[in-house]
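K.L.:
Got a predicted structure plus its sequence, pasted below:
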Amino acid sequence: MHLIKFYLYFIQLLFTEIMESLKPLKAVKQNQDAAYLLKHISDSSPGAIYQFKIDKDKNYSFIYASAGFEKLTGISKELILQDYTLLFQRFNQDDLPGLLESIRIVSETASQWDYKFRLENPDTGKTIWIKGTSNPELQSDGSILWDGILMDVSDIEELQEKYFDSNKRYEYATKATNDVIWDWDLISDKLFWSEGFEVVLGCKLTEDKLNLHFWEKCIHPEDIERVSESIQSAILNDSETRWEENYRLVKPDGSIAYINDRGYVIHNKYGRAIRMVGAMKDITDIQLVALERQKLMDNLTRRNETLEQFTYIVSHNLRAPVANLLGLSEAITDATLDTDTKNLMTYQLGDSATKLDSVLKDLKIILNTNKEVNFKKDNIDFQEEFGKVYSKMKEQIENENIEFITDFKKAPNIKIVPNYLHIILLNLISNGIKFKRGENPLIKLTTWKDNKYIYFEYKDNGIGVDLEKHGSKFYNLYHTFHPHIKGKGTGVFLIKTIMNNINGEIAVSSKVNEGTKFFFKFNNVL
């Protein structure tokens, strides 16, 4: 299209120069070579070169027409020089009023005339698009001479119409879908987004957002590295044409949109990626349903684990003392037993009853812990709750010379079932005392938070645990790691149960004779 415009401009300029040289030819009529040259150039030029006149009385006439006039309009140049209306009769009637108005305006202003109209050829039944360009010039007698050129631009119009229709189809398609259509020019780094982007991201799409940098800023910090590496890999791999990733976008209001993004990489003939087009789908609703489903599955899994623990308790820890009680109760009624044997059986009965009572108490604690998940959460102060636990265990702490370092400044509060934090602190500190090492036992408690989570860390310098040996059973009920130290193995089980109940996370690291560290991640920032 640019070449055609340049060509029209060149012909127009050439014609202007020729017409300028024509004036002295008309006046003097001596330079036959110049006249021949003019005729040869104009007849050889594409389109139709003409000179149109409007006299001072507003009468129209053609005073010159090149040989191309007949080919373009179907009217011989001899006829058009005799009757200009023959051409006007072939103008498309819908275009004629605008054409005449353009001639009137240019005649009054003596400005350049550029106009596009349709011309109908009754002999062929075809309609073509004509582009007319002229430089009207006022003469000394009051007339206006129009030196110009007419060009067939039907092919250009057809291309423009197809381009317009294609753009319209694309525009309608983007409006008809909730997907965000994007087109990334890798050379200029310009990134076009369809209107759907404003809906997905919830902000106005301005010029400063039409680049890769803006898109990367919107991606969730936890996803940006993975997504950036993925798309760069697709671009740099000359055999790769398709790219797809799921990630999160952070909206200006802080909410999250879950995105499925797909792209197609376009390469030049040298295999270099020059463009990438794709579609972004908001799958937030689908993802939230999936997350909720996963949450339910995790909850069912945890409940199943709890049932397995209860099965274990019933089959092992309850059965033994109950069986002992039943057997001893029946045996002690034997009248032939001597006094010492009866006393021994009586002692064993009491021991079995004590063990049964202990298991039943543990079961009650576990049941209450699971039941409390539905209790109302309160804003609990870490330092205050630590103070309550410290007071309860003050005698043990002072007897064992336990040193504490606490730092709750970065996250002083947490919203949680009140008894949950108490149980966690109580069991951590109890184990820290029980499994201390050396003369300078130390327990350090620290909290901090970010935009989504509260973190709590417990660390001691005790005797530690061999996790390679006990890691798979670390949180199991009644599983102990140090036979020489009295313990039931319920503490870490209760802590794990609580973290499962509140959808939190817990991790442990430990080394023998170096200490143990627990890391907690809570999902409820105040």
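P.N.:
Thanks, I have it. Numbering: from 1, shown residues only.
K.L.:
What degree of burial does Asp253 show, as a neighbour count?
P.N.:
Neighbour count of Asp253, defined by other CB atoms under 10 Å: 7. Every C-beta, even on glycine, is put in place using the N, C-alpha and C of the backbone.
K.L.:
All further residue positions should be reported with the first residue as 57.
P.N.:
Taking 57 as the first residue, the last one we looked at is Asp309.
K.L.:
Let me see the confidence value for it.
P.N.:
pLDDT, Asp309: 84.
K.L.:
and if you look at Gln439?
P.N.:
For Gln439, the pLDDT comes out at 94.
K.L.:
dump the residue contacts of the residue nearest to it when sequence neighbours are not counted.
P.N.:
Of all residues not flanking Gln439 in the chain, Phe464 sits nearest, at 5.1 Å (CB to CB, 6 or more residues apart in numbering). By CB atoms under 8 Å, 6 or more residues apart in numbering, the contact list for Phe464 reads 438-439, 442, 501-503.
K.L.:
how about 10 Å then?
P.N.:
Applying CB atoms under 10 Å, 6 or more residues apart in numbering to Phe464 gives the contacts 437-442, 470, 501-504, 512.
K.L.:
Same question for Met401.
P.N.:
Taking CB under 10 Å, 6+ apart, one finds 383-385, 387-390, 393 in contact with Met401.
K.L.:
For this structure, which residues score under the pLDDT cut-off?
P.N.:
In the predicted model, the chain carries pLDDT under 70 at residues 57-102, 215-234, 261, 355, 358-377, 411-431, 527, 533-545, 580-582.
K.L.:
Need the phi and psi values for the residue nearest to the spatial centre of it.
P.N.:
The centroid of the chain falls nearest to Leu305 when counting by CA atoms, centre = their mean (4.1 Å). Backbone torsions of Leu305, given as degrees, to the nearest 10, read phi -110, psi 140.
K.L.:
Please identify the helix or strand for the nearest residue to it once chain neighbours are set aside.
P.N.:
With CB to CB, 6+ apart as the criterion, Leu305 has its nearest non-adjacent residue at 4.5 Å, and that residue is Ala313. In this structure, Ala313 sits in strand 312-323 according to DSSP states H and E.
K.L.:
list the helices and strands the helix or strand harbouring Ile186 packs on?
P.N.:
Element membership for Ile186 (DSSP H and E) is strand 182-194. On a contact count with 3 or more CB pairs under 10 Å, 6 or more residues apart in numbering; DSSP states H and E, strand 182-194 meets helix 58-84, strand 104-110, helix 124-129, helix 152-165, strand 169-177, strand 200-208, helix 210-232.
K.L.:
Kindly recompute the last result at 7 Å.
P.N.:
Under the contact criterion of 3 or more CB pairs under 7 Å, 6 or more residues apart in numbering; DSSP states H and E, strand 182-194 touches helix 58-84, strand 169-177, strand 200-208, helix 210-232.
K.L.:
Next, the buried residues of that strand.
P.N.:
The neighbour-count check on strand 182-194 (16 or more other CB atoms under 10 Å) flags 184-192 as buried.
K.L.:
about what we covered before: just the contacts of Met401: which are in helices?
P.N.:
Among the contacts of Met401, DSSP state H puts 383-385, 387 in helices.
K.L.:
For these, which entry has the maximal number of neighbours?
P.N.:
Most neighbours among the ones in helices among the contacts of Met401, by other CB under 10 Å: Leu384, with 20 neighbours.
K.L.:
For that residue, give me its contacts.
P.N.:
Taking CB atoms under 7 Å, 6 or more residues apart in numbering as the contact definition, Leu384 lies against 401, 404-405, 408.
K.L.:
Next one: it from Asp394, what distance?
P.N.:
16 Å (CB to CB, to the nearest Å).
K.L.:
cool, and Leu382?
P.N.:
Distance, Leu382 to Asp394, by CB to CB: 22 Å.
K.L.:
So the two - more neighbours on which side?
P.N.:
Leu382 (11 against 8).
K.L.:
Check the gap between that one and Ile342 for me.
P.N.:
57 Å.
K.L.:
cool, and Leu405?
P.N.:
Leu405 is 62 Å from Ile342, by CB to CB.
K.L.:
Those two: which has the busier surroundings?
P.N.:
The neighbour comparison of Leu405 against Ile342 (other CB under 10 Å) goes to Leu405, with 17 against 12.
K.L.:
Now the more buried one: which helix or strand?
P.N.:
helix 395-427.
K.L.:
can you give me how far the helix or strand just after that helix is from the chain middle?
P.N.:
Next helix or strand after helix 395-427 toward the C-terminus (DSSP H and E): strand 434-437. Offset of strand 434-437 from its chain centre (CA atoms, centre = their mean, to the nearest Å): 36 Å.
K.L.:
mind listing what's buried in strand 434-437?
P.N.:
By neighbour count on 16+ other CB under 10 Å, the buried set for strand 434-437 is Ile436.
K.L.:
Neighbouring strands - and their directions - for that strand?
P.N.:
Taking DSSP bridges as the criterion, strand 434-437 forms sheet pairs with strand 469-472 (antiparallel).
K.L.:
Kindly format the C-alpha coordinates of the partner strand as PDB.
P.N.:
C-alpha atoms of strand 469-472 as PDB (Å, rounded to 0.1, in the frame of the first residue of the first chain):
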ATOM      1  CA  ASN A 469      -0.800 -12.600  68.000                       C
ATOM      2  CA  ILE A 470      -2.600 -15.500  66.300                       C
ATOM      3  CA  LYS A 471      -6.300 -16.300  65.800                       C
ATOM      4  CA  ILE A 472      -6.700 -19.800  66.900                       C
END
